[in-house]
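J.: return a 3D structure for these sequence lines:
(chains A and B)
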Amino acid sequence: MARRIASSPSLDLVEAAPAPVVVRGPAWDGRYTVLILFLPPALLLFTVFVVVPIGEAAWYSAFSWNGFGKPTNWIGLDNYRFVLETRAFWLALRNNGLIIAVSLLVQLPLALTLALMLAERFRGAVALRMLFFMPYILAEIATGLIFSFVYDGDYGLVASIWRFFGAEAPHLLASTDTAMLAILIVIVWKYFGFHMMLFIAALQGLDKNLVEAARIDGATRGQVLRHVVIPLLYPTIRLSVFFAIIGSLQLFDLVMPLTRGGPADSSNTLVSFLYNNGISRMRVGYGSAVGVILFTICVTFAFTYKRWFMRDE
Amino acid sequence: MNSVETTRPPLDPVVLYKALFLAAIAAFVLVPLLATVLGGFKSLGELRVNPFGLPQHWEWQNYADILFSKRYWQLLRNSLVISTLAVTLTLIVASMAAFAFAHVRFFGSSMLLSYLTLGLLFPAATAVLPLFIKVRDLGLLDTYFGVALPQVAFSLAMSVLLLRRFFKDIPYELLEAALVDGCSYIKFFRYVTLPLSRPILATVGTITFVNSWNAYLLPLVMLNTDELYPWPLGIMVYQGEYSSEWHLILAFITLTILPTIILFIFAQRHIVAGLTAGAVKG
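T.: Alright, predicted model coming up:
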């Protein structure tokens, strides 16, 4: 994507333009001043706060270091070995896999179905779109707190439904069996509206003539959907999947108010695992190793996905 | 995609199922939110027996206590300062870079742009420990800038791409004519590009604002002093203090998400456009 944008035809015309009659030639129109003044702030910020820290993470990951003084205790690749030997790391990886699975199997079909319904014009369609999109703009921390109330075993909504049927109220977030499931439901609640909006935007940009033509040729509504509309949406579906996977790899804020990754590490994501085991204990080397692993997963995924699925865009 | 045929019978079961489905999803979204707002009006005792319904006795005091507390306003102020810093810096820095990438041809420009877009590929969390050490060594730990600067850096990639695409669509003839008339690139940027680009600046500003306003991880790592906490940190502290007094926590949640919801209602278009903008980018 970046490469395509970068190599798109640039302003050849600037050079080809006939020399203006004015005294100030092209070299004096401030073009170079722009380069000297306008580029460095962005490049500097980006380098100092994004690129260098990533490089340093790779360097620090070879040390056993608590962050104070200079890193001196070189231990080579041991931090990576420690990470891979931690059971909680694999649980976190599994949970990220679960999140991706639910995004693909539950959230995406739900978002698509709703988009197909709400892209039509009828009374209340716009209001419903906005309502479904709203959870997406709420802070993850607030969402997490709201649902820790919903799931609360004493005061929560779920508990009161259970009690209504005369059953013992469960503490969903306190059990290793249900904590991750409870988080997955919150994830769908929070993000389906975003994916729905992606699909609605795509549907509205769709060439209506194709649908008309298929209808005139005698296709049923179901056939139009399956053979015309959905294929036209493939680029958006691929994009939505991309966002779902990248989103799952960065998920953290939502987990903290709900479970902090517990009980017994059963609901950690990779980032909450990184926080609990590296950041909060200032184990810089270990945490950096987790960061490098996460970085590798993200970059490998992004490049592979773009190469395999988004070639034509 | 067309609306249902006009000759449909009055009670088409398909329409009925659709309506039921939509109502169910609407309830799924709304019930937790409404229960939160209403829960803030209940006493703890009532919350336990009646978490769903309207309060029998409206406890305005829960909300009033928070609204008249210094703490609530301090949290909002901190969040506002950090978000405003992030938005201002992002808009200035990103629009300048985007202008250079859009209008000046120079050796290595595509390479530099690809370098910046690397930022799209991974989350800030991957480098948060070295970032913490960097911010500490720069003496920015426990300052607003220590949070805002990394936020700006991580939002640059997307911002520069969005702005550059918009800037490129400004007709070349305009720049040419201005240059012939002796206008410099910098004046053109200041007096033509920026005023013409208000919609995209609003969009980029909105994305940056919402992300910064809601952020948790960076402030959590960079700030130690309660007085500097933005609201997501503050509300977690509050929840820790009042651990099971859910009626107070619910009132506090309601009041902290209120600004977001008001902003959403008034700036729906920009927010939806902004947050789904990455999609259009392709």
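J.: where does residue A:274 land in three-state SS?
T.: helix (DSSP: H, G, I helix; E, B strand; the rest coil).
J.: in terms of pLDDT, where does it sit?
T.: With respect to pLDDT, residue A:274 scores 94.
J.: tell me the contacts of it?
T.: A:287, A:290-291, A:294, B:125, B:128 (Cβ atoms under 8 Å, 6 or more residues apart in numbering or on different chains). Yep, even glycine has a C-beta here, placed from its N, CA and C like the rest.
J.: and of the residues you listed, the nearest to residue B:52?
T.: residue B:125 (36.7 Å; Cβ to Cβ).
J.: what's around that closest one, how many residues?
T.: By the criterion of other Cβ atoms under 10 Å in any protein chain shown, residue B:125 has 27 neighbours.
J.: and the pLDDT at it?
T.: pLDDT at residue B:125 comes out at 86.
J.: residues contacting it?
T.: Counting by Cβ under 8 Å, 6+ apart, residue B:125 has contacts A:250, A:252, A:271, A:274-275, A:291, A:294, B:217.
J.: the same query, at a cut-off of 7 Å, please.
T.: Taking Cβ atoms under 7 Å, 6 or more residues apart in numbering or on different chains as the criterion, residue B:125 is in contact with A:250, A:252, A:271, A:274, A:294, B:217.
J.: and the least confident of these?
T.: residue A:250 (90).
J.: quick one: contacts for that residue?
T.: Per Cβ under 7 Å, 6+ apart, neighbours of residue A:250: A:271, B:123, B:125.
J.: if we can go back for a sec, for residue A:133, state which of the contacts of residue A:274 is nearest.
T.: Closest to residue A:133, out of all of the contacts of residue A:274 and judged by Cβ to Cβ, is residue B:125, at 25.1 Å.
J.: that closest one and residue B:219, how far apart?
T.: 13 Å (Cβ to Cβ, to the nearest Å).
J.: most centrally placed residue in the chain?
T.: Let's take chain A. residue A:247 (1.8 Å; Cα atoms, centre = their mean).
J.: the chain in question should be chain B.
T.: residue B:210 (0.9 Å).
J.: so what's the residue count around residue A:85?
T.: 9.
J.: kindly report the same for residue B:182.
T.: Neighbours of residue B:182 under the rule other Cβ under 10 Å: 13.
J.: still on that earlier bit, the residue nearest to the centre of chain B contacts residue A:137, correct?
T.: Yes. At 6.0 Å, residue B:210 counts as touching residue A:137 under the criterion of Cβ atoms under 7 Å.
J.: which neighbours do these two have in common?
T.: residue B:271.
J.: ranking the contacts of residue A:274 by neighbours, who comes first?
T.: The most crowded member of the contacts of residue A:274 is residue A:291, carrying 32 neighbours; neighbours defined as other Cβ under 10 Å.
J.: still on that earlier bit, work out for me the element the residue nearest to the centre of chain A sits within.
T.: Secondary structure from DSSP states H and E places residue A:247 in helix A:230-250.
J.: how about the contacts of residue B:125 in a markdown table, adding distance to residue A:101?
T.: As requested, these are exported to a markdown table (distance: Cβ to Cβ, whole Å):
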| residue | distance to residue A:101 |
| --- | --- |
| A:250 | 17 |
| A:252 | 19 |
| A:271 | 18 |
| A:274 | 21 |
| A:294 | 19 |
| B:217 | 24 |
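J.: okay, now the nearest residue in space to residue A:75 that is not next to it in sequence: neighbour count?
T.: With sequence-adjacent residues excluded and distances taken as Cβ to Cβ, 6 or more residues apart in numbering or on different chains, residue A:75 is closest to residue A:64, at 5.1 Å. Close neighbours of residue A:64, defined as other Cβ under 10 Å, add up to 17.
J.: lowest-confidence helix or strand of the chain?
T.: Reading this off chain A. None of the helices or strands of chain A scores lower by mean pLDDT, DSSP states H and E than helix A:2-6, at a mean of 36.
J.: what is the neighbour count of residue B:167?
T.: With other Cβ under 10 Å as criterion, residue B:167 counts 21.
J.: correction: the previous question concerned residue A:127.
T.: Residue A:127: 11 neighbours (other Cβ under 10 Å).
J.: spatially nearest residue to residue A:186 (excluding sequence neighbours)?
T.: Leaving aside its chain neighbours, residue A:186 sits nearest to residue A:147 (4.7 Å; criterion: Cβ to Cβ, 6+ apart).
J.: which single residue of the stretch 151-300 of chain A ends up nearest chain B?
T.: residue A:250 (3.7 Å; Cβ to the nearest Cβ).
J.: what's the spacing between that residue and residue B:216?
T.: Taken as Cβ to Cβ, the span from residue A:250 to residue B:216 is 12 Å.
J.: just the element for the closest residue in space to residue A:82 that isn't next to it in sequence, please.
T.: If the residues on either side of it in the chain are set aside, residue A:82 comes closest to residue A:286, at 6.1 Å by Cβ to Cβ, 6+ apart. Using DSSP H and E, residue A:286 maps to helix A:284-309.
J.: contact partners for residue 269?
T.: Since no chain was named, I'll use chain A. Residue A:269 touches A:92, A:95-96, A:251-252, A:255, counting by Cβ under 7 Å, 6+ apart.
J.: could you do chain B instead?
T.: Neighbours of residue B:269 in contact, by Cβ under 7 Å, 6+ apart: none.
J.: next, the buried residues of the strand or helix carrying it.
T.: Per DSSP H and E, residue B:269 falls inside helix B:268-275. Residues of helix B:268-275 classed as buried: B:268, B:270-275 (neighbour count, 16 or more other Cβ atoms under 10 Å in any protein chain shown).
J.: what's the answer for stretch A:126-137, then?
T.: Neighbour count says stretch A:126-137 has A:128-137 buried, by 16+ other Cβ under 10 Å.
J.: next: stretch B:92-100.
T.: B:93-100.
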